[in-house]
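K.L.:
here is my input; please provide its structure:
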Amino acid sequence: MEIVKEEHLVPDELMSPPKSSVKNSEYFQLTVKPLLEEGKDGELIDWLKDIGLLRRSQKCANPECQGLKPMDWKRARIVDKFHWSCPACKKKASIRLDSPLMDFHCSFKIILDTITAWCDGISLEDFTKENKNVKAVIAKRIYNTCTTVADWYMHSHPELSYLGGENSVVLVDTFPEGCMTTSPHNNNYPKRVLCLADTSHMPARIWAHIIDKNLDYQKLTALVTEHVRPGSTIVANPALYPLLHSIKGMAEVISVEALMALDPADYQRSLKNLETIWKSTVSVCQDIQNMSTNEGEQILRELEWRQVFPSSLSQILHDIASYAAATRSA
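P.N.:
From the prediction side, this is the model:
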C-alpha cells in the first residue's frame with residue numbers, strides 16, 4: 001500500500017486557530033452593540049422584529065375586537081419599554097407575545113449577552129459567576145434553548161452530516177479507546193462515541209454518535225459508509241483499521257500507525273496533530289458521559305453545529321427565529 005505523505009493527511013495549517021470572542025466580531029460590534037446602548041430601545045425592538053425574534057404584528061385577543069385592527073406598540077414603564085396596545089379596547093399585551101423570547105424573563109440586553117456567551121462556549125457556571133445580575137435559572141433556560149435549536153438545525157439539514165469526498169481526508173476514531181488524545185484518561189467511560197472529522201474544513205467538520213460498546217462491527221462499518229462520501233481518504237485508529245481497510249468506494253484507508261511510522265524519532269507529531277483536531281470533540285465526549293443518551297446526542301449535534309458555524313451569533317439568532325416559526329406551524 002502506498003502511504004500518502006503525512007503533511008497531506010494532517011497538515012499543520014489545519015490546526016484550529018485560537019477562537020476570538022464573538023463580542024469582537026464585526027457582526028456584534030457593528031450590528032448588535034449599538035442597539036444595546038441607552039436610549040436605543042425602539043431601534044432594538046425594530047431589529048428584533050426584522051430578524052424574527054419578535055412578532056411584526058399582533059391581533060387583539062378580545063373577542064369583541066374580532067381582530068379587526070392590528071395592535072400598536074407603545075411606550076410603557078416596563079422592562080421591555082414597549083407593549084402591544086389595542087386601538088379599540090385599549091387591551092395591553094407583552095411585546096414578546098407569541099415570540100421565542102416569551103419565556104426569557106429578563107431584559108433583551110441580558111438575553112443577547114447570554115446567547116453571545118453560549119456562542120463563545122463560555123460555561124453556564126462561569127457566565128453566571130461573572131454576571132451577578134443574571135439569574136442562573138434564566139441563563140440555563142437560554143443556554144438550553146440554544147442547544148435545542150442547534151440540535152433541531154442539524155436534524156433539519158442531514159446533508160451536513162455527510163463528510164469528505166474526493167481529495168478529502170476523514171479521520172475515523174472512537175472515544176475513549178482511540179487515538180483522539182495523548183493524555184491519560186479513564187477508558188471505563190460508560191459511553192462509547194464514534195467520531196468522524198473532515199479535515200478539508202477548518203475547523204474540521206465533525207460527526208459523532210453514541211454507539212453501543214458491543215456494537216456489531218458490520219453496523220459500525222455501515223455508520224462510517226453512511227456518513228463518509230465515496231472518494232475520501234480515511235485515516236482510522238489501529239483498532240478500526242482492520243474493519244475499514246477494505247471498505248468500498250474510498251480512495252484509500254490508512255492506519256494512524258502508518259502515519260506514526262513517518263514521524264521523526266522520539267516525536268509523536270502525528271498523534272499531537274490528531275489531538276489538536278480532536279480537542280473540542282474529546283471535551284464534549286467527556287462532558288456527555290453522565291447524561292442520558294438523548295441529552296448526549298443533543299450535545300453532539302450542538303458540537304457539529306458549532307463546527308459548521310464557528311462565528312455563530314447571527315446564525316443562532318436566525319435559527320432561534322426559524323425554530324419558533326417551525327414549531328408554531330407544526
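K.L.:
number of residues surrounding the closest residue in space to Val79 that isn't next to it in sequence?
P.N.:
Nearest non-adjacent residue to Val79, counting by CB to CB, 6 or more residues apart in numbering: Ser107, 5.4 Å away. Any C-beta I mention is one placed from the backbone N, CA and C, and that applies to glycine too. Around Ser107 sit 16 other residues, with neighbours defined as other CB atoms under 10 Å.
K.L.:
do the same with Tyr27
P.N.:
Residues contacting Tyr27 under the criterion other CB under 10 Å number 15.
K.L.:
state the pLDDT value of the residue nearest to Val79.
P.N.:
The pLDDT attached to Ser107 in the predicted structure is 93.
K.L.:
from Phe28, how far out is it?
P.N.:
When CB to CB, to the nearest Å is applied, the distance between Ser107 and Phe28 equals 17 Å.
K.L.:
same deal with Glu226?
P.N.:
Plainly put, Glu226 is 38 Å away from Phe28 if you go by CB to CB.
K.L.:
what strand or helix carries Ala324?
P.N.:
helix 313-329 (DSSP states H and E).
K.L.:
what mean pLDDT does that helix get?
P.N.:
92.
K.L.:
give me every residue that touches the closest residue to Cys65 other than its chain neighbours.
P.N.:
Of all residues beyond its chain neighbours, the one nearest Cys65 is Ala88 (4.9 Å), with distances taken as CB to CB, 6+ apart. When contacts are counted by CB atoms under 8 Å, 6 or more residues apart in numbering, Ala88 touches 60, 62, 64-65, 68-69.
K.L.:
try Ala93
P.N.:
For Ala93, the contacting residues are 58, 60-61, 71, 83-86, taking CB under 8 Å, 6+ apart as the criterion.
K.L.:
for stretch 147-158, what does the pLDDT average out to?
P.N.:
Averaging pLDDT along stretch 147-158 yields 97.
K.L.:
next, the buried residues of it.
P.N.:
147, 149-154 (16 or more other CB atoms under 10 Å).
K.L.:
equivalent analysis for stretch 174-181, please.
P.N.:
174-176, 178-181.
K.L.:
in helices, which of the residues you listed fall?
P.N.:
If you go by DSSP state H, those have nothing in helices.
K.L.:
between the residues you listed, which is nearest Gly249?
P.N.:
Of all the buried residues of stretch 174-181, Gly249 sits closest to Thr174, with 21.5 Å by CB to CB.
K.L.:
so what's that closest one closest to, chain neighbours aside?
P.N.:
By the measure of CB to CB, 6+ apart, the closest residue to Thr174 outside its immediate chain neighbours is Leu194, 5.6 Å from it.
K.L.:
so who does Asp98 touch?
P.N.:
If you count contacts by CB under 8 Å, 6+ apart, Asp98 has them with 55, 58, 328.
K.L.:
now do 7 Å
P.N.:
Asp98 makes contacts with Arg55, as judged by CB atoms under 7 Å, 6 or more residues apart in numbering.
K.L.:
narrow the buried residues of stretch 147-158 to those in helices?
P.N.:
Secondary structure assignment by DSSP H places 147, 149-154 of those in helices.
K.L.:
tell me where the stretch 1-150 of the chain has strands.
P.N.:
Along the stretch 1-150 of the chain, the stretches classed as strands by DSSP state E, counting those that start in this stretch are 72-75, 82-85, 92-94.
K.L.:
hang on, the residue nearest to Val79 packs against Lys81?
P.N.:
No. Between Ser107 and Lys81 there is no contact, the gap being 9.3 Å when judged by CB atoms under 7 Å.
K.L.:
distance to Met102 added to the ones in helices among the buried residues of stretch 147-158, as a markdown table?
P.N.:
Rendered in a markdown table, the data for those read as follows (distance: CB to CB, whole Å):
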| residue | distance to Met102 |
| --- | --- |
| Thr147 | 18 |
| Val149 | 15 |
| Ala150 | 20 |
| Asp151 | 20 |
| Trp152 | 18 |
| Tyr153 | 20 |
| Met154 | 24 |
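K.L.:
between these, which is nearest Met291?
P.N.:
Using CB to CB, Thr147 is the member of those that lies nearest Met291, at 11.5 Å.
K.L.:
so what's that closest one up against?
P.N.:
Taking CB under 7 Å, 6+ apart as the criterion, Thr147 is in contact with 298-299, 302.
K.L.:
which residue is the nearest non-sequential neighbour of the residue at the greatest distance from the centre of the chain?
P.N.:
Summary for the chain: using CA atoms, centre = their mean, the residue whose C-alpha lies farthest from the chain's mean C-alpha position is Glu64, with a distance of 45.7 Å. Counting by CB to CB, 6+ apart, the nearest residue to Glu64 once its immediate chain neighbours are dropped is Cys89, at 6.4 Å.
K.L.:
and if you look at Ile142?
P.N.:
Ile142's closest residue in space is Thr114 (CB to CB, 6+ apart), at 4.5 Å.
K.L.:
which one of Glu226 and Phe28 is surrounded by more residues?
P.N.:
When neighbours are counted by other CB under 10 Å, Glu226 and Phe28 differ, and Phe28 comes out ahead with 20 against 10.
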